[in-house]
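In: the following block contains a protein sequence and its predicted model.
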Amino acid sequence: MKGLTLKPIVSAVALALALTACSASNTTNTTNTGAEAQVAPNVVAQQIIENNANNPFFKPYDTYLGIPDFAKIKPEHYLPAFKAGIAQHKAEIQAIIDNPAVPTFANTIEAMEFSGELTTKVASVFYNLTGADTNKELQAISKQVSPMLSSASDDVLLNDALFQKVKAVYNQRDNLNLNVAQAKLLEDTYKSFTRGGANLSEGDKTKLRALNEQIGKLGLEFGDNLLAETNAFELVIDNKADLSGLPEDVINTAAQTATKRGHDGKWVFTTSRPSITPFLTYADNRDLREALYKGYVERGNNDNANDNKKILAKMAALRAERAQLMGYKTHAHFVLEERTAKTPENVYELLNKVWPAALAQAEAEVADMQALIDSEGGDFKLAGWDWWYYSDKIRVAKYSFNEQQTRPYFSLENTLKGVFYTANRLFGITVKERTDLPKYNDEVRTWEVYDKDGELMAIFMGDYFVRDSKRGGAWMNSYRQQYNMDGVESKPIIVNVLNYPRPVGDEPALLTFDEASTLFHEFGHALHGMLSDVEYRSQAGTSVPRDYVEFPSQVMENWMTQPEVLAQFAKHYKTGEVIPQELVKKIQAASKFNQGFATVEYMAATKLDLDWHTVTDFMPKDAAKFEAESLNKMGLIEEIAPRYRSTYFSHIFSGGYSAGYYSYIWSDILGADAFEAFKENGIFDKATADAFRDNILSQGGSEDPMQLYKQFRGKEAGIEPLLRSRGLLAK
């Protein structure tokens with residue numbers, strides 16, 4: 001899940017847009033029931049606050065720069081805070097409706113944008129922690145909170161009196177003399193209502209609420225099942241001979257995992273990426289590679305209590321039904337209307353431009369590996385669990401290189417220095433680590449971030465090591481977004497969350513080249529949040545279309561490979577020796593290696609996502625049969641599984657990427673094309689860096705993103721730089 005960015009609910013507008021992110025998990029509407037229905041919302045909120053005087057959400061945080069007071073926040077504080085926040089927000093919305101003045105941009109659109117402060121405050125903490133440091137209590141609370149937020153969102157979007165006020169302002173848009181950001185806010189607000197069902201009949205509005213609730217409930221169940229499946233599987237090894245081929249640090253980490261899981265004296269491997277990837281790459285025991293590989297690719301597909309097949313098929317059918325209720329052909333058409341791609345047909349067209357070259361390259365890679373197997377006397381056909389193992393052998397033979405050679409040069413500490421060095425050279429920012437600031441877990445590290453003029457501009461948190469309370473993958477999020485609205489200047493609080501193996505013994509945490517590249521990638525997201533300079537919170541930082549949000553992070557990865565940057569931080573953790581140029585050349589030469597596999601496994605998941613979300617039937621499909629037909633239709637070779645099979649495709653069934661997993665390659669095209677500008681002018685050219693900051697990083701969602709890109713680049717992005725960077729251009 002490299003680069004996945006999760007965003008908490010913010011403001012009335014963003015709350016209304018978050019239908020699928022925070023929807024129902026049961027059929028009980030807890031926002032306004034029983035006696036509360038007879039009491040004004042602002043009175044309800046005040047009663048809750050008075051009855052929970054010690055709740056830290058009900059007063060300003062008494063902390064440096066208003067960092068959440070994690071030490072005081074307890075699970076029992078969330079539910080009252082959400083209830084009070086929703087009630088306050090409802091009162092604010094009602095005040096907008098009851099205002100007798102003629103609707104204006106200020107008293108309607110901006111008033112909505114400025115509302116929902118308490119809900120934003122609690123949601124930003126809660127949803128960060130449910131991803132990065134969850135527990136059973138938070139998971140249970142999430143199931144209570146989701147229907148509350150879904151209902152609150154529908155209460156905004158389906159309120160006809162409010163919509164008529166928004167519509168009145170929208171109809172006058174050409175006469176309001178709005179700036180670009182204001183015009184974009186007005187447009188997005190109006191669209192959020194029309195896309196949220198404001199034009200539906202009362203009967204269809206009721207039906208839409210029910211669909212939203214069901215979809216949200218199923219999404220939560222999908223995520224819970226996947227987490228349970230992932231945590232339940234373990235490959236326990238008690239014979240040291242079965243560890244043949246594995247590097248010592250991987251063996252030591254497996255021993256630590258075994259002890260933690262109650263298997264003292266043994267070794268345990270799991271389906272988490274830091275565990276499974278080195279095992280599949282280096283373990284000589286083919287049977288054990290197969291067992292671990294199948295443990296990964298069959299998650300959610302074991303016909304047990306955690307099986308996800310019926311859940312995801314039902315979700316796809318309900319999404320199709322909802323889209324057609326809203327007047328769209330499919331869920332993908334509904335989603336992509338607001339993306340830069342615009343239609344699923346455009347996405348399929350792009351994918352089909354890349355797919356043939358990638359598949360041909362993957363088939364050539366299969367032939368090379370099968371030839372190696374045959375030359376070694378192996379009496380078997382290459383299978384999915386062999387790919388990493390034999391591709392690494394070929395990499396070593398072809399380039400005298402494997403990723404383990406890079407690990408000593410990329411300690412976590414030095415790689416962080418490299419990231420900060422790059423950001424300083426590009427944008428002039430500097431950092432200062434603080435150990436005395438609030439944190440949600442003892443492993444979190446915190447830095448003050450200063451702009452080029454020396455002004456404190458942001459707080460940056462890093463949470464780097466794998467743990468059971470953290471979901472897999474890597475992402476950026478915010479505890480507070482940047483904005484300058486309603487007389488308040490908000491400095492962002494940004495967090496990067498990753499899943500690196502913990503250091504063993506006295507050794508520092510050592511990363512492979514690819515893991516270090518992920519650190520650069522995620523810091524690209526962080527820069528998008530920290531360098532934001534917008535007026536409205538809903539337009540801040542990464543509040544951009546899903547197929548654009550990965551673009552700044554994809555660009556940032558490029559500096560990782562530059563010799564000038566590597567010389568600054570890629571130093572041997574014991575000797576301090578700078579990474580040898582010979583090894584750098586091997587890294588660069590090998591960078592295009594195995595790109596057929598990497599591109600095909602990703603694109604297979606992308607096509608699978610689009611196939612699920614271009615269905616038009618309301619009856620749930622047989623998930624296993626549908627997936628098999630989809631993969632067969634695209635011509636996926638049997639040696640490669642999609643990066644995510646349906647039953648553990650959390651991006652699209654419990655995250656925000658439904659009909660949007662293509663976003664990574666779409667953003668890759670922008671990223672590869674954008675870095676061409678730096679290569680043309682110099683990788684640290686000030687004018688180019690300033691243009692990138694001014695047009696991309698600082699603008700967030702305040703203007704049409706493709707217009708911003710053209711302002712930076714002077715043209716539309718071409719596909720050739722991407723194909724060239726992956727070695728997929730025809731020779």
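Out: Okay, I see it. Residues are numbered from 1 along each chain as shown.

In: report the buried residues of the strand ranked longest in the chain.
Out: With DSSP state E setting the assignment, residue counts place strand 456-465 as the longest strand in the chain. Across strand 456-465, burial judged by 16 or more other CB atoms under 10 Å covers 457-465. Using the backbone N, CA and C atoms, a C-beta is placed for each residue, glycine as well.

In: all strands of this protein, in order?
Out: Taking DSSP E as the criterion, the chain carries its strands at 4-5, 235-237, 267-269, 430-434, 445-450, 456-465, 475-480, 483-485, 488-490, 493-500.

In: quick one: which of these is nearest Ile652?
Out: strand 4-5 (11.4 Å; CB to CB).

In: mean confidence score for that closest one?
Out: Strand 4-5 comes out with an average pLDDT of 33.

In: which residues are in contact with Asp547?
Out: Taking CB atoms under 8 Å, 6 or more residues apart in numbering as the criterion, Asp547 is in contact with 339-341, 660, 662-663, 666-667.

In: local confidence estimate at Asp307?
Out: According to the predicted model, the pLDDT of Asp307 comes to 97.

In: now do the one 10 residues further on
Out: Looking at Ala317, its pLDDT stands at 98.

In: now it: how far from Ala659?
Out: 14 Å (CB to CB, to the nearest Å).

In: between those two, who's got more neighbours?
Out: Between Ala317 and Ala659, counting by other CB atoms under 10 Å, Ala659 is the more crowded of the two (26 against 20).

In: any idea how many residues pack against the closest residue in space to Gln568 that isn't next to it in sequence?
Out: The shortest distance from Gln568 to any non-neighbouring residue, by CB to CB, 6 or more residues apart in numbering, is to Tyr421 (5.0 Å). Taking other CB under 10 Å as the criterion, the count of residues near Tyr421 is 14.

In: what do you get for Ala316?
Out: Here the number of neighbours of Ala316 (other CB under 10 Å) works out to 28.

In: test my guess that it contacts Thr614.
Out: No - under the criterion of CB atoms under 8 Å, Ala316 is not in contact with Thr614, lying 9.8 Å apart.

In: for the stretch 351-500 of the chain, give me the ranges with low pLDDT.
Out: In the predicted model of the stretch 351-500 of the chain, no residue satisfies pLDDT under 70.

In: please apply the same query to the stretch 551-700 of the chain.
Out: Judged by pLDDT under 70, no stretch of the stretch 551-700 of the chain qualifies at all.

In: quick check: Thr281 vs Ala371, distance?
Out: With the distance defined as CB to CB, Thr281 ends up 19 Å from Ala371.

In: the more surrounded of those two?
Out: Thr281 (24 against 13).

In: report how many residues lie close to the nearest residue to the more buried one once chain neighbours are set aside.
Out: The spatially closest residue to Thr281, leaving aside those adjacent along the chain, is Trp388, at 4.3 Å (CB to CB, 6+ apart). Here the neighbour count serves as a burial measure; for Trp388 (other CB under 10 Å) it reads 21.

In: my guess is Trp388 contacts Arg286, does it?
Out: No - counting by CB under 8 Å, Trp388 does not reach Arg286; the two are 12.0 Å apart.

In: now for the residue lying closest to Ala397 once chain neighbours are set aside, how many residues are close by?
Out: Spatially, and ignoring its direct neighbours in sequence, Ala397 is nearest to Leu372 (8.0 Å; CB to CB, 6+ apart). Residue crowding around Leu372 was assessed by other CB under 10 Å; the count is 16.

In: quick one: residues contacting Leu372.
Out: Applying CB under 8 Å, 6+ apart, one finds that Leu372 lies in contact with 390, 393-394, 397.

In: now, of these, which are buried?
Out: For the contacts of Leu372, a neighbour count by 16+ other CB under 10 Å gives the buried set as 390, 393-394.

In: these in helices, which ones?
Out: With helices taken from DSSP state H, the overlap with the buried ones among the contacts of Leu372 comprises 390, 393-394.

In: reformat those as JSON lines; add distance to Tyr644.
Out: Written out in JSON lines, the entries for these read as follows (distance: CB to CB, whole Å):
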{"residue": "Tyr390", "distance to Tyr644": "23"}
{"residue": "Lys393", "distance to Tyr644": "26"}
{"residue": "Ile394", "distance to Tyr644": "25"}
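
In: what's the closest of those residues to Asp673?
Out: Proximity of these to Asp673 was ranked by CB to CB; the top entry is Ile394 with 30.4 Å.

In: how many residues are close by the residue nearest to the closest one when sequence neighbours are not counted?
Out: With CB to CB, 6+ apart as the criterion, Ile394 has its nearest non-adjacent residue at 5.7 Å, and that residue is Asp368. Burial of Asp368 is recorded as 17 neighbouring residues (other CB under 10 Å).

In: wait, Asp368 sits on Arg395?
Out: No - no contact is recorded between Asp368 and Arg395 when judged using CB under 8 Å, the distance being 10.5 Å.

In: now Phe442. Its backbone dihedrals?
Out: That one is not Phe; residue 442 is Asp. Backbone dihedrals for Asp442, given as degrees, to the nearest 10, come out at phi -60, psi -20.

In: look at it and say how many residues are nearby.
Out: Counted with other CB under 10 Å, the neighbours of Asp442 add up to 5.

In: quick one: residues contacting it.
Out: Residues near Asp442 by CB under 8 Å, 6+ apart: none.

In: pull up the gap between it and Asp133, please.
Out: Plainly put, Asp442 is 10 Å away from Asp133 if you go by CB to CB.

In: swap in Glu720?
Out: 43 Å.

In: more neighbours, these two?
Out: Neighbours were counted for Glu720 and for Asp133 using other CB under 10 Å; Asp133 has more, 19 against 13.

In: and the nearest residue to Tyr644 once chain neighbours are set aside, what does it touch?
Out: With CB to CB, 6+ apart as the measure, Ala605 is the residue that lies nearest to Tyr644, at 4.7 Å, once sequence neighbours are left out. For Ala605, the contact set (CB under 8 Å, 6+ apart) comprises 642-644, 649, 661.

In: so what's Glu535 up against?
Out: With contact taken as CB under 8 Å, 6+ apart, Glu535 is in contact with 181, 483-485, 702.

In: coming back round to it: how far is the longest strand of the chain from where the chain is centred?
Out: Strand 456-465 sits 17 Å away from the centroid of its parent chain (CA atoms, centre = their mean, to the nearest Å).
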